[in-house]
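**Student:** below is the sequence, then the predicted model.
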Amino acid sequence: MSLQQRARLRESPLGRKGEELGRVLDFVCEEIAPFPTGNGHPAFFAWVNSPPAPAGVIAELLACAINVTCGMGENALMDLERGTVRMLAALAGLPETTGGVLTSGGSMANLLALASARTWFLTRRGSGDGAAYDRDHARLTLYYSAQAHMSVAKAAACIGLPSHRLRPVAADAHDRLDPAALRTAVTDDLDAGLLPFCTVTTLGTTATGAVDPLEPVTDLCRRTGMWHHADGAWGGLGAAVPALAPLYRGVGSVDSLTVDPHKTLSVPVGCGALLVPDPEHLHTAFAHRASYLTAGEPDALPWLSHATIELTRPGTRALALWATLNHLGHDGVTALIEHSLTLADQLCQKITAQPRLELLPSGPWPVACFSITAPDNGDQEELHARVAHRVQARGRAYLATVAVHDRTVLRACLCNYRTTTNDLDLLIHEVLHAADADHSPPTAASAQPPHHR
């Protein structure tokens with residue numbers, strides 16, 4: 001997409017007269033559709049950004065036509081959202097009591113979780129308001145793995161926690177939060193008069209796909225009076241997969257869990273979820289009353305706006321998620337995740353088979369981190385950045401770089417239900433072709449990628 005085309009989208013003024021409605025289709029075909037992120041392509045490996053499943057696309061269109069809000073009042077889509085939340089909770093291995101809300105994504109879900117944890121913690125201490133609130137809020141301290149998603153620190157900032165009371169806890173050799181390091185950090189802060197109120201574990205780290213240990217963290221949280229939030233935006237449904245289930249022992253005891261259906265389940269973008277085994281915690285944190293917003297029946301269920309900061313909430317999330325889950329069924333959800341896991345294993349084998357490539361430890365979620373042997377002892381990190389840029393620029397495949405143990409390496413993520421082994425071969429070819437550009441022009445034979453549909 002040229003700079004001129006981008007500027008035209010940003011700067012074009014509104015005309016005085018309207019245009020024919022059909023022009024919308026022409027505009028999208030000419031100016032929008034040809035320039036997507038690329039995540040719909042089966043050879044896109046850069047981020048946890050899956051393509052939309054057809055069931056979700058159709059459902060979003062229908063939900064837009066129905067055009068209700070899932071925040072206030074009573075309507076069918078609000079009940080459907082409650083139902084899809086229960087479906088997600090069952091897949092994740094949470095108790096039957098679990099409730100929650102659909103969100104725009106993991107960032108919003110993590111924000112709601114930390115805000116709920118704060119309210120829960122301060123209310124239990126009797127410092128939910130007034131001078132006691134000011135005194136205790138100024139000592140709240142948050143813990144999370146050094147491998148946690150950046151949205152955790154951003155959410156902490158949004159609820160008023162300064163960076164000097166955030167504790168990125170060291171990870172172990174497998175990029176999982178180290179319970180011993182967490183215990184030491186909490187003990188030191190308690191001795192210093194601070195108030196540890198929440199620990200966030202990550203189920204499927206963005207960099208390497210690691211899963212933090214759940215049971216020892218929950219045990220520490222119970223003994224010290226903390227909330228345990230698990231950020232499973234990518235890997236929150238691992239308990240539904242037999243190969244991953246042992247890593248999720250104890251998931252039913254967390255206080256809240258983030259899940260992103262628009263990652264793991266290919267629901268169209270804009271569908272995350274916060275699941276809470278005791279949904280009353282959400283109502284305590286977010287329910288606000290107004291004379292113009294009152295439920296009609298005395299025994300009516302709490303509106304979903306009482307469980308989040310949004311009042312106007314789109315029904316597209318609920319219908320798109322329900323349609324996708326209904327189309328897949330429980331076995332289809334498991335098969336979808338297993339498809340990515342299988343491809344990741346195959347990609348790792350292909351990387352290992354290449355003498356110029358070095359596979360780095362990653363997983364269990366489907367990601368492969370690897371490096372290229374730098375020629376003549378050159379700067380390997382700069383080489384990786386150049387290779388990633390060249391692969392992206394050629395447009396046949398797409399991957400990105402990531403920092404792992406203070407090294408910039410290549411990272412390929414598997415989350416596309418359309419990806420096949422042909423796409424893995426294409427990726428390897430494109431990486432090696434891009435690396436060859438540092439030496440000499442490739443031959444005509446080597447410049448041609450493998451046959452791809």
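**Tutor:** The structure has been received and is ready for your questions.
**Student:** hey, let's count contacts and neighbours off CA atoms from now on
**Tutor:** Will do.
**Student:** tell me which stretches of this structure form strands.
**Tutor:** 99-103, 140-145, 166-169, 195-202, 227-232, 256-259, 272-276, 357-360, 367-372, 400-404, 407-413 (DSSP state E).
**Student:** name the strands paired with the fourth one and say parallel or antiparallel.
**Tutor:** Taking DSSP bridges as the criterion, strand 195-202 forms sheet pairs with strand 140-145 (parallel), strand 227-232 (parallel).
**Student:** phi and psi next, for Ala353.
**Tutor:** phi -80, psi -10 (degrees, to the nearest 10).
**Student:** oh sorry, the question was meant for Lys17
**Tutor:** Per degrees, to the nearest 10, the backbone of Lys17 is at phi -110, psi 150.
**Student:** let me know the pLDDT of it.
**Tutor:** Note for Lys17: predicted pLDDT of 92.
**Student:** what is the neighbour count of it?
**Tutor:** Neighbours of Lys17 under the rule other C-alpha atoms under 10 Å: 5.
**Student:** ditto for Leu9
**Tutor:** Leu9 has 11 nearby residues by other C-alpha under 10 Å.
**Student:** what does Phe197 give?
**Tutor:** 25.
**Student:** ok, now Ala192?
**Tutor:** Considering only other C-alpha under 10 Å, Ala192 is surrounded by 10 other residues.
**Student:** ok, now how distant is it from Leu112?
**Tutor:** Separation of Ala192 from Leu112 (C-alpha to C-alpha, to the nearest Å) stands at 28 Å.
**Student:** now the strands of the chain in TSV, with distance to Gly71?
**Tutor:** Listed next are the strands of the chain as TSV, based on distance: least, C-alpha to C-alpha, whole Å:
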stretch	distance to Gly71
strand 99-103	10
strand 140-145	30
strand 166-169	32
strand 195-202	27
strand 227-232	24
strand 256-259	20
strand 272-276	15
strand 357-360	45
strand 367-372	36
strand 400-404	38
strand 407-413	35
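**Student:** His149 reaches Thr208, doesn't it?
**Tutor:** No - contact criterion C-alpha atoms under 8 Å: His149 and Thr208 do not qualify, at 11.5 Å.
**Student:** the more surrounded of the two?
**Tutor:** Thr208 (27 against 20).
**Student:** residue contacts, the more buried one?
**Tutor:** Thr208 makes contact with Asp175, Pro361, Ser362, Gly363, Trp365, Val367, Ala368, Cys369, Val404 under the criterion C-alpha atoms under 8 Å, 6 or more residues apart in numbering.
**Student:** which members of those are the farthest-apart pair?
**Tutor:** Spatially, the most separated pair among these is Trp365 and Val404, at 15.6 Å (C-alpha to C-alpha).
**Student:** which of these two has more residues huddled nearby?
**Tutor:** Neighbour count, other C-alpha under 10 Å: between Trp365 and Val404, Trp365 has more, with 26 against 19.
**Student:** now that one. Nearest residue, chain neighbours left out?
**Tutor:** Distances taken as C-alpha to C-alpha, 6 or more residues apart in numbering put Gly209 closest to Trp365, at 4.5 Å, once the chain neighbours are dropped.
**Student:** that neighbour and Ile337: what is the separation?
**Tutor:** 13 Å.
**Student:** more neighbours: the two, which one.
**Tutor:** Just comparing Gly209 and Ile337: by other C-alpha under 10 Å the higher neighbour count belongs to Gly209, 26 against 23.
**Student:** tell me the phi and psi of that one?
**Tutor:** Torsion angles, degrees, to the nearest 10, at Gly209: phi 80, psi 20.
**Student:** residue contacts, it?
**Tutor:** Counting by C-alpha under 8 Å, 6+ apart, Gly209 makes contact with Leu203, Ser362, Gly363, Pro364, Trp365, Pro366, Val367.
**Student:** would TSV of the strands paired with strand 195-202 with mean pLDDT, distance to Phe197 and mean neighbour count be doable?
**Tutor:** Formatted as TSV, the strands paired with strand 195-202 follow (pLDDT from 0 to 100; distance: least, C-alpha to C-alpha, whole Å; neighbours: other C-alpha atoms under 10 Å):
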stretch	mean pLDDT	distance to Phe197	mean neighbour count
strand 140-145	98	6	24
strand 227-232	98	6	27
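**Student:** which one of the ones you listed lies closest to Leu3?
**Tutor:** strand 227-232 (37.2 Å).
**Student:** quick check: phi and psi at the closest residue in space to Ala53 that isn't next to it in sequence.
**Tutor:** Take Ala53 and drop its neighbours on the chain: the residue closest to it by C-alpha to C-alpha, 6+ apart is Ser266, 5.4 Å away. Here is the backbone geometry of Ser266 (degrees, to the nearest 10): phi 60, psi 30.
**Student:** my guess is Ser266 contacts Pro54. True?
**Tutor:** No - using C-alpha under 8 Å, Ser266 makes no contact with Pro54, being 9.1 Å away.
**Student:** more crowded one of the two?
**Tutor:** Neighbours per residue, other C-alpha under 10 Å: of Ser266 and Pro54, the larger number sits with Ser266, 25 against 16.
**Student:** residue contacts, the residue nearest to Pro216 when sequence neighbours are not counted?
**Tutor:** Setting aside the residues directly before and after it, Pro216 is nearest to Pro179 in space (C-alpha to C-alpha, 6+ apart), at 6.5 Å. By C-alpha under 8 Å, 6+ apart, the contact set of Pro179 is Pro213, Pro216, Val217.
**Student:** for Pro366, same thing?
**Tutor:** Gly209, Ser340, Leu341, Leu343, Ala344, Asp345, Cys413, Leu414, Cys415.
**Student:** follow-up on the earlier one: the strands of the chain: which one's closest to His429?
**Tutor:** Checking those against His429 by C-alpha to C-alpha gives strand 357-360 as the closest, at 11.6 Å.
**Student:** low pLDDT regions in this structure?
**Tutor:** Applying pLDDT under 70 to the chain flags the ranges 295-298, 376-378, 439-453.
**Student:** show me how it divides into domains.
**Tutor:** 22-51+374-453, 57-289+300-329 (automatic domain parsing).
**Student:** dump those domains into CSV; add distance to Gln354 as well.
**Tutor:** Below are the domains of the chain laid out as CSV (distance: least, C-alpha to C-alpha, whole Å):
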stretch, distance to Gln354
domain 22-51+374-453, 9
domain 57-289+300-329, 20
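**Student:** just say which of these is most tucked in.
**Tutor:** Neighbour counts (mean count of other C-alpha atoms under 10 Å) averaged over each of the domains of the chain peak at domain 57-289+300-329, with a mean of 20.
**Student:** I'm done for today, thanks for sticking with me.
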